[in-house]
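Undergrad: predicted model follows, preceded by the sequence.
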Amino acid sequence: MAKETTSDTTMESLAKGRSIGAFRCLNCFERVIPPAGAKTYKCPHCSFEWRVFWISPTFPRIRGPVWDVNRQLAAEEVRKQRKGGK
Amino acid sequence: MALDRKIAYINLTTGEIETKPIPISIRKKFLGGRGLDMYLMYNHIKPGVDPLGPDNVAFVSAGILVGTLASASARTHVAGKSPLTGFVGSTNMGGFFAPEMRWAGFDHLVIKGKAEKPVYLWIHNGEIEIRDAKNIWGKTVHETQQIIREELGDRDIKILTIGPAGEKLVRFANVMTEIKNAGGRSGMGALLGSKNLKAIAVRGTMDIKIAHPAEALDYDKKVITQVTSAKVSQTQGRIGTPFIWGATNTQGLVRVRNFQLNQLENADDVEAEAIDEYVIGMTGCFGCQVHCRAKYIIPEGPYKGVYDEGPEYTAQGAFAAEPGCRSTLTILVGNHLTNIYGMDLLETGSLIAWAMELYEKGILTDKDTDGLELRFGNDDAVIEMIHRIARREGLGDILAEGGLRAAEKIGKGSIKYLIHVKGMSNLHSDERPTPALALGIATASRGSDHLRSRPAIDLYHLPEPVLRKIYSQPVAYDGPLTSDYRDYEGKPWQVFWHETCYEAVDCLGICKYHTTFLGATLPNFEEWSKLLYYNTGLEMSPLDIWTVAERAYNMERLFNLREGLTRDQDWLVDRYFDEPTKLGIPGIQGKTINREKLKKMIDEYYEHHGWDENGVPHPETTKKLDIDKEPSHML
Amino acid sequence: MAKVLMIDYEKCTGCRLCELVCSVKHEGVSNPTRSRIKIVKWEMEGRYVPMSCQQCESAPCMVVCPVKAISRDGGMGRVEIDYDVCIGCRMCIAICPFGAMAFDTLAKKVIKCDFCDGDPLCVKFCEAEAIQYVDASMVSAVKQVAAAEKFTGIMQKVAAAIATV
C-alpha cells in the first residue's frame, strides 16, 4: 500500500546491517577493521597492503594499494595459479 | 497540484507555440521525465530522420517528482535521436533547471524545426518566448548564463545551454546547466545546436501543490536519513564520485592507454584524496543532502584562479587513465574545458586515448596531428586536443564526428582499436573481469554506457542473502545470484533489474545516487511508491512503478529497432574477448570476456525482457505493457 | 533564554532544501518565492548565503509599522506579524536591512520566519548544519570555538613547519 509507513521497506531493513568502521579487503574481500588513524593497513588474511584514508575519525576507506608490496604478492600468486593450472 | 504542469510544443521554424495539459492516463503509463520523453520520441520522430536535420525533435523534461519533497528531486531529462549513434539519445542531469521549469508551469517541452538564426527560449510563469541569441552565440557555457541573467534582469533565472561544442555540432556535445551539471552522452548539445537553439532560460513563481504536505515532510526526512546514513553517501559527500577510483583502480578495473592496460600504476595524484587537496568545499543539486560535487579553483598554469566544479570519476578516466596521464592539474583543467565548451568529457577522453594509440601504432602521423606529439602520458597533448575537438580544428574536426565516423575517415584498420558500443565510447572502466558490467554496456539503449543498467553493487561482494532481498522485489526472482563479480551466473537478471530501476528513477526525476546504484541500501521502488503518493496523490504500488519503467524501456527498444538496431549491435568490440587483462589483483589478471557465455547472457537478458532471440519484444510483451498500438499520438 | 537561527554560510551547500520545506510547511506548496528563508547565490563563485529574519532586538520593521501589527513574542523571542491588524502596506519590507521580510504575491500578505513555532524545519532538514537553532547566548560561543580552532590549526602548522626546518 502506498500510504503504509509503519513497516520497514526492504532497503530500510537492509540498512540496519551497515558496518561503519570496517572495510572489505580489495583482494580477498574479507571484512577487516584497521586501527584508528592508520595510514596503511596489511590485511591479516591475505597480506595485501592498503593505503587508508579516513572519511571521518571512525570511517576508513581504501585509498589505494601499497604498490610495491601488492605488485610482488600478485606476481607470486599468479605464478602459483599458473603452476597449479598445469 | 503537482500534476498540473503542462507540455509545450515549440516549432522553431514557424515560431508557433502550443501548450496542453498532460492527461492523468498518460501520467500513469509513463509518469514523466525520461519515461514520457520516450513515449513522445517514438510518437514525434519519424523513422530515419537525419539527427542533425530539422526533422529531429528535441525533448526537455522534468521528472514527475521534481521540485517536490522526494530527496534530490532535481533531474532534467533531454532526449532526441542521437547525432552520435543514430539510436536513442537521452541524457539526465542534476542542478536546478528542472525544478525552476516546473515552477514556471512546464514539465515537458517538445521542440521541433530549426530557427532561421540563433535563438533562445525564455519561459516564465506559463509564458514562452523565442528570443534572439546573437549576444550569446559563440559564448561558453558559463558566459552564456551570466549574459542571459543580465539581459533579463533576474539572477535567479536557471538556464539550460549548449556551449561552443554544441554550436559546432560536435556529435557528443552536451547540454549544460550552471557550472557543471552536464547532460552528457549521445550528443543532445549537437541536437540543440542543429536547431539554432542556444539556450532555454526558465524562471517561475507558480505553486506546485503537495498532495499531503505533513506526511510528505515526515517521509522525506526519513528517506533523507536513509540516504545520508549510507557509507557511500558519506564518502561521496566528503570526496565526491572520485572515491570510486579507490576501489576500481586498486583492483585493476580501469581502462588505461585506451585498452592496453587495466590499471594506472603509481598514480597517486589521480586519486580522490589528491584531488581533494584543491577542493574548497562541497555543493549539491536541488534538495539534496549528499552534496557530492566538489568546488575547486585551478591552482596553477594558464587557467590559474578559475573556479569550477567536479571533477567526477569520469574525469579521472578521461584525462588520466585512458590517455595514461598522472597529473591532478590535467584532470582539473580538462574538466573545466569540457564544462565551458559543453562537451562530453567521457567521449572526449576516450577518443583522445584512441587517437593516441593510433599515433603510437603509426596509423596517425605528425602530418595528421599537425605536429602534435600525441603520445600516451602527454598531458599537454590531451589539453590541446580538447580545444581542437571543441573548435573542430584539424584532427579534432575528425574526432568531433564520433568514433565510428572518424574510424571510417582515418581508415588503416583504426577501427580495431576503437572501444565503443553502438558508436558510443565507453566509460574508462575495464569490464573484462566483470561479466555483469560487460553485459550492461553491450545492451544499453543509448550505446556503451554505465548509467543505463550497470549493477555497480556487483563489485561489493555482497552476501547472497542480501542480493536475494534486493533483486526479489518488486517482482519475484528465484534464479541464481552470486557474490563473485567474475561470474556469469544470475547477472542478466541483475542487469535487467538495474535497467528498470534506473529507468524508474529517471521517470521520477530523482538522482541515481539516491537509489540502488552505488549503494546497496538506498531507496527504490517501495520508497518511491510512498513518495509519489504523498507528493502527488498518485496511488501506484512498487510493482506499478516497475511496470512503467519496463514499458518506457520497451519504448526505447522499439525506437532503436525502428532505426535499424539488430542484435549484432548489442555486442562488444573484439578486444574484450581477445586481449587478457595484465595487471591488478591476482583474481582479475588474465581475464577476458567469453564470447559464448556473453551470448548466453544476452539470450537470458532478452528473455527477462520478454524479447525474442533478435531482441525484438514479443507481441505478448507489448500487449502486456499496453504499448502494442504505438505510435498512438495521444500527446 | 530565547533561541535564534545561527547561520554558518561556509557550511551551506546551496541545495535550497530549506526553501522547499519552508514553503511546504507554511503554504502546503513547493514554491521558493513563498519561503521565509532564501539562499542567495553567487553561482559562478560557489558562494551561497542563507538569508532569513534575524529577529533584531531593535527591529526596524516593528518601528516602521504604521498599525503596530509587528511585535515581539515573549516566549520565543521572535518578531511576529498579527495578520488581523496588518494592512499589507509593505513598509516593513522596504526598511528591513536583510530583505528578510517578503511579500507573498499569491496570498497577498507579508511573510517572515516564525521559527515554525519552535521547531524550525530548515534546521531539521539541513544535514550540513549550515542553519542551527541555538540559544542566543550560544552564537558567539560557537563562533569563538570555530575561530579558535582555525587559529590553533594555523599555529600547529607553523610549529610543524619550524620543527622540520
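TA: Cool, got the structure.
Undergrad: what segments of the stretch 501-635 of chain B are helices?
TA: Per DSSP state H, counting those that start in this stretch, the stretch 501-635 of chain B has helices spanning B:525-536, B:542-562, B:575-578, B:595-609, B:619-624. These are given in chain order.
Undergrad: output the ones you listed as a markdown table; include the columns mean neighbour count and mean pLDDT.
TA: C-beta here means a position set from N, CA and C on the backbone, and glycine is covered the same way. As requested, those are arranged in a markdown table below (neighbours: other Cβ atoms under 10 Å in any protein chain shown; pLDDT from 0 to 100):
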| stretch | mean neighbour count | mean pLDDT |
| --- | --- | --- |
| helix B:525-536 | 25 | 98 |
| helix B:542-562 | 22 | 98 |
| helix B:575-578 | 17 | 98 |
| helix B:595-609 | 18 | 98 |
| helix B:619-624 | 15 | 98 |
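Undergrad: could I get those as TSV with distance to chain A?
TA: Output for the helices of the stretch 501-635 of chain B, formatted as TSV (distance: least, Cβ to the nearest Cβ, whole Å):
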stretch	distance to chain A
helix B:525-536	4
helix B:542-562	9
helix B:575-578	20
helix B:595-609	19
helix B:619-624	23
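Undergrad: and the ones you listed: which comes nearest residue B:42?
TA: With distances scored as Cβ to Cβ, the stretch of those nearest to residue B:42 is helix B:542-562 (5.2 Å).
Undergrad: packing partners of that closest one?
TA: With contacts defined as 3 or more Cβ pairs under 8 Å, 6 or more residues apart in numbering or on different chains; DSSP states H and E, the secondary structure elements packing on helix B:542-562 are helix B:24-30, helix B:33-44, strand B:88-93, helix B:491-508, helix B:525-536, helix B:595-609, helix B:619-624.
Undergrad: apart from its neighbours in sequence, what residue is nearest the residue positioned nearest the centre of chain B?
TA: The residue lying closest to the centre of chain B (Cα atoms, centre = their mean) is residue B:91, at 4.7 Å. Setting aside the residues directly before and after it, residue B:91 is nearest to residue B:183 in space (Cβ to Cβ, 6 or more residues apart in numbering or on different chains), at 3.8 Å.
Undergrad: that neighbour pairs with what?
TA: residue B:175 (DSSP bridges).
Undergrad: quick one on the thing from earlier: indicate which one of the helices and strands packed on helix B:542-562 is closest to residue B:379.
TA: Within those, the stretch nearest residue B:379 is strand B:88-93; the backing value is 28.0 Å (Cβ to Cβ).
Undergrad: following that closest one in sequence, what is the next regular element?
TA: Next along the chain after strand B:88-93, taking DSSP states H and E as the criterion, comes helix B:97-103.
Undergrad: hmm, that following helix in reach of chain C?
TA: Yes. Helix B:97-103 is in contact with chain C by Cβ under 8 Å from any Cβ of the partner chain, via B:99, B:103.
Undergrad: which other helices and strands contact that helix?
TA: Using 3+ Cβ pairs under 8 Å, 6+ apart as the contact test, the elements touching helix B:97-103 are strand B:58-62, strand B:76-81, strand B:158-161, strand B:197-203.
Undergrad: just the helices in the chain please.
TA: No chain was given, so I picked chain A. Residue ranges of the helices in chain A, as given by DSSP state H, are A:10-15, A:67-85.
Undergrad: think we crossed wires, I meant chain C
TA: Going by DSSP H, chain C shows helices at C:17-27, C:60-64, C:91-95, C:121-125, C:138-164.
Undergrad: of the ones you listed, flag the one that's most buried.
TA: Using mean count of other Cβ atoms under 10 Å in any protein chain shown, the stretch among the helices of chain C with the greatest mean number of neighbours is helix C:17-27 (a mean of 24).
Undergrad: and for that helix, what's in contact with it?
TA: Taking Cβ atoms under 8 Å, 6 or more residues apart in numbering or on different chains as the criterion, the residues outside helix C:17-27 that touch it are B:67, B:69, B:207, B:210, B:213, B:216-217, B:220, B:286-289, C:29-32, C:34-39, C:50, C:104, C:107, C:111, C:116, C:121-122, C:124-126, C:131.
Undergrad: can I assume residue B:47 sits in a helix?
TA: No. Residue B:47 is assigned coil when assessed by DSSP: H, G, I helix; E, B strand; the rest coil, not a helix.
Undergrad: enumerate every residue touching it.
TA: Contacts of residue B:47 were listed using Cβ under 8 Å, 6+ apart, and they are B:562-563.
Undergrad: next, the nearest residue to residue B:574 once chain neighbours are set aside: secondary structure please.
TA: If you skip the residues right next to it in sequence, residue B:574 has residue B:416 as its closest partner in space, 7.3 Å away by Cβ to Cβ, 6+ apart. On the three-state scheme (three-state DSSP), residue B:416 is labelled helix.
Undergrad: closest to residue C:75 out of the helices and strands packed on helix B:542-562?
TA: Of all the helices and strands packed on helix B:542-562, the one in closest proximity to residue C:75, counting by Cβ to Cβ, is helix B:525-536 (31.7 Å).
Undergrad: in chain C, which helix or strand is least confident?
TA: For chain C, scoring each helix and strand by mean pLDDT, DSSP states H and E identifies helix C:138-164 as the least confident one, at a mean of 78.
Undergrad: give the other helices and strands that that helix contacts.
TA: Using 3+ Cβ pairs under 8 Å, 6+ apart as the contact criterion, the secondary-structure elements in contact with helix C:138-164 are strand C:3-7.
Undergrad: so is the strand it packs on next to chain B?
TA: No. On the criterion Cβ under 8 Å from any Cβ, strand C:3-7 is out of touch with chain B, staying 15.6 Å away.
Undergrad: for that strand, packing partners?
TA: Under the contact criterion of 3+ Cβ pairs under 8 Å, 6+ apart, the helices and strands touching strand C:3-7 comprise strand C:131-135, helix C:138-164.
Undergrad: looking at these, which is closest to residue B:342?
TA: strand C:131-135 (34.3 Å).
Undergrad: what's the neighbour count on residue 23?
TA: Reading this off chain A. Around residue A:23 sit 21 other residues, with neighbours defined as other Cβ atoms under 10 Å in any protein chain shown.
Undergrad: sorry, should have said chain B
TA: In terms of burial, residue B:23 registers 12 neighbours under the definition other Cβ under 10 Å.
Undergrad: wait, it touches residue B:635, no?
TA: Yes. Residue B:23 is in contact with residue B:635 according to Cβ atoms under 8 Å; the separation is 7.5 Å.
Undergrad: enumerate the residues of chain A near chain B.
TA: So chain A meets chain B at A:1-5, A:9-15, A:17-18, A:20, A:24, A:26-27, A:29, A:48, A:50, A:53, A:55-56, A:59, A:61-65, A:67, A:70-71, A:73-74, A:77-78, A:81 (Cβ under 8 Å from any Cβ).
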